[in-house]
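> Next one to model:
(chains A, B, C and D)
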Protein chains: 2
Amino acid sequence: MAKTRNHSKKREAILEAIRLTETHPSARWVYEQVKPKLPDISLGTVYRNIKVCREEGLLASVGVVNNEERFDGVVEPHPHAICTKCGSIIDVKYTPPTSQPSLSGFAVDNRRTVFYGVCAKCSGQEKGWLKKFKRFGRLAKRFGNS
Amino acid sequence: MAKTRNHSKKREAILEAIRLTETHPSARWVYEQVKPKLPDISLGTVYRNIKVCREEGLLASVGVVNNEERFDGVVEPHPHAICTKCGSIIDVKYTPPTSQPSLSGFAVDNRRTVFYGVCAKCSGQEKGWLKKFKRFGRLAKRFGNS
DNA sequence: TTAAAAATAAGAATGATTATTATTATTGAT
DNA sequence: ATCAATAATAATAATCATTCTTATTTTTAA
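Predicted coordinates for the structure are as follows:
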């Protein structure tokens, strides 16, 4: 029987904050979220508890975006889409085929699929004329499409 | 006509170092590689030139492993396997199906597939008795399998 | 040749994360 | 409840990869 571990109030609040959002937040975001309710929490505590929860399998890392690690309360592996403009991370409703490559001697125990691109919000915000040129691919070199 | 840009000696050396290895190195690894041949190169120059080459599409980032960004001279997208013990990155000979999920409004222009696990070398180095127990799954909780 | 532009080294600055340490809260047995 | 062991914590210092700044050198092109 898996012995369920006790969580402190702060750890509960941290877990809850990550579970209640869909933004796949960073440690600092969680800190700023929890701080008003538990004013004497520190950023170090957030980092430490995130680490504990990860070791217990209660949280997962989604990856590093703009030099910040981002976390997910949904630990079941699933793909994500990351916006290269604003750094937002979106869940992808899509099950990648489970076929495994042959990796002689390498024991796979996890896979991660990430789609990079531009989210709806960011491509909407793009200046009209630039969008038009980009569609023609003329300025792609100059302004970049990724 | 794509105007090929001039590269300085140092940039050439940096590019070459990354292209000649299969280790998907970090900036510091490149620096230590190039330093003996060009002793007055600095780490900042390596970072700067890697950035330039990335913007030109001559290099790709593989991701962040142990807080270090790792690079690849092979810019054609392909999956990687990352060892969670030693951080080594191995090319995967496997073409993930090209089927795209529907991501309303999100314009995908790149995807990345990463397999996490333990490389042959690391699982070979593992102490025999621990390996045996792990096969039985008994100490998996305690020692972790990922 | 010469003036503008690009590349550079050295080192300072940044910023996320981790480690340290002293203090406080929690637990469990008596 | 009492007391000792243990865990959790805040504050802050330390770490370390990466970026920025600035003064200097090199390259370019006219």
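> for chain A, which strand is longest?
The residue-count maximum for a strand in chain A (DSSP state E) belongs to strand A:107-118.
> tell me the angle that strand makes with strand B:107-118.
Angle between the axes of strand A:107-118 and strand B:107-118 is 160 degrees (criterion: axes from the mean of the first three to the mean of the last three C-alpha atoms, to 10 degrees).
> Pull up the pairing partners for strand A:107-118, direction included.
Under the criterion DSSP bridges, strand A:107-118 sits next to strand A:80-83 (parallel), strand B:107-118 (antiparallel) in its sheet.
> quick check: mean pLDDT across that strand?
Throughout strand A:107-118, pLDDT has a mean value of 92.
> Quick one: residues in contact with the next helix or strand along the chain from that strand.
Next helix or strand after strand A:107-118 toward the C-terminus (DSSP states H and E): helix A:120-125. For helix A:120-125, the external contacting residues (C-beta atoms under 8 Å, 6 or more residues apart in numbering or on different chains) are A:Cys83, A:Lys85, A:Cys86, A:Ser88, A:Lys131, B:Ser104, B:Gly105, B:Phe106, B:Ala107. (C-beta placed from N, C-alpha, C; glycine too.)
> what's across from A:Gly63 in the sheet?
Beta-bridge partners of A:Gly63, as defined by DSSP bridges: A:Arg70.
> residues in contact with A:Gly87?
By C-beta under 8 Å, 6+ apart, the residues touching A:Gly87 are A:Val65, A:Asn66.
> Distance of it relative to DNA strand C?
11 Å (C-beta to the nearest atom of the strand, to the nearest Å).
> What of A:His80?
16 Å.
> would you list the strands paired with strand A:107-118 in CSV and tack on mean neighbour count?
What follows is those, written out as CSV (neighbours: other C-beta atoms under 10 Å in any protein chain shown):
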stretch, mean neighbour count
strand A:80-83, 21
strand B:107-118, 18
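> Low-confidence stretches in chain A?
Chain A contains residues with pLDDT under 70 at A:1-5, A:96, A:98, A:125-146.
> what's the closest of the contacts of helix A:120-125 to DNA strand D?
A:Lys85 (16.3 Å; C-beta to the nearest atom of the strand).
> Tell me which residues touch that closest one, please.
A:Val118, A:Cys119, A:Cys122.
> make it 6 Å
A:Val118, A:Cys122 (C-beta atoms under 6 Å, 6 or more residues apart in numbering or on different chains).
> So what pairs up with the residue found closest to A:His24 once you drop the neighbours it is linked to in the chain in the strands?
Using C-beta to C-beta, 6 or more residues apart in numbering or on different chains and skipping residues adjacent in sequence, the residue nearest A:His24 is A:Ile89, 4.0 Å away. Taking DSSP bridges as the rule, A:Ile89 bridges to A:Ile82.
> sorry, back to before: from the contacts of helix A:120-125, which two are the most distant?
Spatially, the most separated pair among the contacts of helix A:120-125 is A:Ser88 and A:Lys131, at 18.9 Å (C-beta to C-beta).
> Compare the two (neighbour count), which wins?
A:Ser88 (18 against 12; other C-beta atoms under 10 Å in any protein chain shown).
> Tell me if I'm right that that one and A:Cys119 touch.
Yes - the criterion here is C-beta atoms under 6 Å, and A:Ser88 meets it with A:Cys119 at 5.5 Å.
> Specify the beta-bridge partners of A:Val114.
Bridge pairing for A:Val114 - DSSP bridges - gives A:His80, B:Arg112.
> Could you check how far it is from B:Pro25?
21 Å (C-beta to C-beta, to the nearest Å).
> try A:Asp109
Using C-beta to C-beta, one gets 25 Å for the distance from A:Asp109 to B:Pro25.
> just A:Pro97 next, same as before
From A:Pro97 to B:Pro25 the distance is 31 Å (C-beta to C-beta).
> same check, this time on A:Cys83
Distance from A:Cys83 to B:Pro25, by C-beta to C-beta: 28 Å.
> same deal with A:His7?
40 Å.
> So if I had to pick from those two, which one is more boxed in?
Higher neighbour count among A:His7 and B:Pro25: B:Pro25, with 21 against 16, using other C-beta under 10 Å.
> was I right about A:His80 contacting A:Thr113?
No - A:His80 lies out of contact with A:Thr113 (C-beta under 6 Å); the separation is 7.8 Å.
> what residues does chain A put near DNA strand C?
A:6, A:8, A:26-28, A:43-44, A:47, A:51, A:64, A:67-69 (C-beta under 7 Å from any atom of the strand).
> 6 Å instead, please
A:Asn6, A:Ser26, A:Ala27, A:Leu43, A:Gly44, A:Tyr47, A:Lys51, A:Asn67, A:Glu68, A:Glu69 (C-beta under 6 Å from any atom of the strand).
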